[in-house]
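Visitor: need a structure here:
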Amino acid sequence: MKTLLVPLDHTAAAEHTLAYANKLAVRWPAEVVVLYCHPGGDAPVPAGQLAEEEQRLRSLVERLRYQQLTRHDGRRIRYRYRVLAGCLHDHVRQEAVRCAADLVLMGLEHIDCGRQEAPGNHAAAIAQLVSCPLLVVPPGRRSLPNRLVFAADFRTLGLHILPRLAALEGAFPAPLDLVQFYAPAERPLRRQLKQALSKAAAHLAWHFTTPHLLEDDAPLEGSSEFCAHVHAQLLVVAPSSPAQLLQYFDACYATTRAYHTQIPVLVLPSPAERQASVACCDRCAAQLAQEQSRSSQPTDHHAVRWA
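Guide: Next comes the predicted model:
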């Protein structure tokens with residue numbers, strides 16, 4: 001059975017995140033693992049408090065299960081609960097492996113380690129920690145997509161990433177637009193770009209795909225405008241670095257309510273199979289450094305502070 005790992009906080013937007021996960025779980029279908037990480041600072045969190053947090057999750061799940069879905073669909077979804085002390089980024093990798101998650105689904109404005117961040121910053125950090133695709137859902141009630149856009153540089157995109165997307169076709173059985181942007185100076189490379197697009201489409205084997213080769217020297221803005229033009233409800237990206245992913249969630253786009261910040265964004269795993277360790281605050285960075293120093297295996301992991 002397919003598995004959705006859904007980290008939640010206790011903000012109002014968490015209800016929208018879970019509502020979207022419920023719809024996806026019914027369509028796929030999939031089991032939902034609800035994860036809550038309770039920040040407790042340096043002091044241990046009493047077991048009774050963790051039990052109370054789990055009960056809050058169960059109450060939210062049961063309320064949405066029957067308010068949002070039909071009785072038949074609500075009964076079909078199987079839920080599991082994980083309530084842990086600490087920060088999400090400390091646990092998400094292990095939890096994704098433990099439940100064999102096929103997809104991690106979290107809110108755009110998720111609060112991690114008790115800290116509010118610019119929308120998408122925590123999601124960008126989590127994307128570097130899990131090896132499965134990550135779906136970032138903005139606040140608000142929305143339906144599942146009936147049109148998808150996959151914007152990438154298909155010349156450098158590793159073909160081994162595409163099966164990760166193909167495996168999600170059952171969850172998102174909708175037309176998929178493959179979009180490759182090129183700068184005006186790259187016009188002589190159009191033939192090479194077309195070949196890369198065709199190769200990706202053939203390797204992906206999506207039910208219905210349409211390739212687009214578009215000239216634009218600002219691919220991110222071009223992707224957002226293209227999504228708005230075709231009324232896409234889901235943008236798929238395959239960033240080559242954490243910095244590139246952070247660009248999608250830049251504060252200027254959130255302030256101007258760019259189209260791509262108003263629809264879910266599906267982040268495919270980075271080309272490299274390594275996953276970087278990420279710290280969201282000084283305390284967590286110090287803890288991460290201690291854990292790395294105790295490790296007997298050499299590592300190239302590095303801590304990044306998301307400001």
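
Visitor: Every contact and neighbour count from this point should use C-alpha atoms.
Guide: Noted.

Visitor: ok, now how distant is residue 40 from residue 48?
Guide: 13 Å (CA to CA, to the nearest Å).

Visitor: again, but for residue 225
Guide: For residue 225, the distance to residue 48 - CA to CA - is 49 Å.

Visitor: what residues are up against residue 101?
Guide: 2-5, 132 (CA atoms under 8 Å, 6 or more residues apart in numbering).

Visitor: Let's see if you can find the most crowded of those residues.
Guide: In terms of neighbours by other CA atoms under 10 Å, the contacts of residue 101 top out with residue 5 at 26 neighbours.

Visitor: Neighbour count: residue 225 and residue 48, which is higher?
Guide: Using other CA under 10 Å as the criterion, residue 225 and residue 48 rank with residue 225 on top: 15 against 9.

Visitor: now, which of the contacts of residue 101 lie within helices?
Guide: Assignment to helices by DSSP state H places none of the contacts of residue 101 there.

Visitor: Can you give me the domain boundaries for this structure?
Guide: Annotated domains of the chain cover 2-137, 148-267 [automatic domain parsing].

Visitor: ok, now which ones touch residue 206?
Guide: Residue 206 makes contacts with 166, 169, 176, as judged by CA under 8 Å, 6+ apart.

Visitor: Likewise for residue 137?
Guide: Here residue 137 is in contact with 17, 20, 105-108, 263-265 (CA under 8 Å, 6+ apart).

Visitor: from the contacts of residue 101, which is closest to residue 29?
Guide: Distances from residue 29 to those, taken as CA to CA, are shortest for residue 2 (7.0 Å).

Visitor: correct me, but that closest one touches residue 31?
Guide: Yes: the criterion here is CA atoms under 8 Å, and residue 2 meets it with residue 31 at 6.2 Å.

Visitor: just for this structure, where's the confidence low?
Guide: When residues are selected by pLDDT under 70, those of the chain lie in 1, 41-43, 271-307.

Visitor: helix or strand right after the longest helix seen in it?
Guide: Of all the elements of type helix in the chain, the one with the most residues (DSSP H) is helix 47-68. Toward the C-terminal end, the helix or strand that comes next after helix 47-68 (DSSP states H and E) is helix 71-76.

Visitor: Quick check: neighbours of the helix or strand that that next one is followed by in the sheet, parallel or antiparallel?
Guide: Later in the chain than helix 71-76, the nearest helix or strand by DSSP H and E is strand 79-85. Sheet pairing here is set by DSSP bridges, and for strand 79-85 it gives strand 30-38 (parallel).
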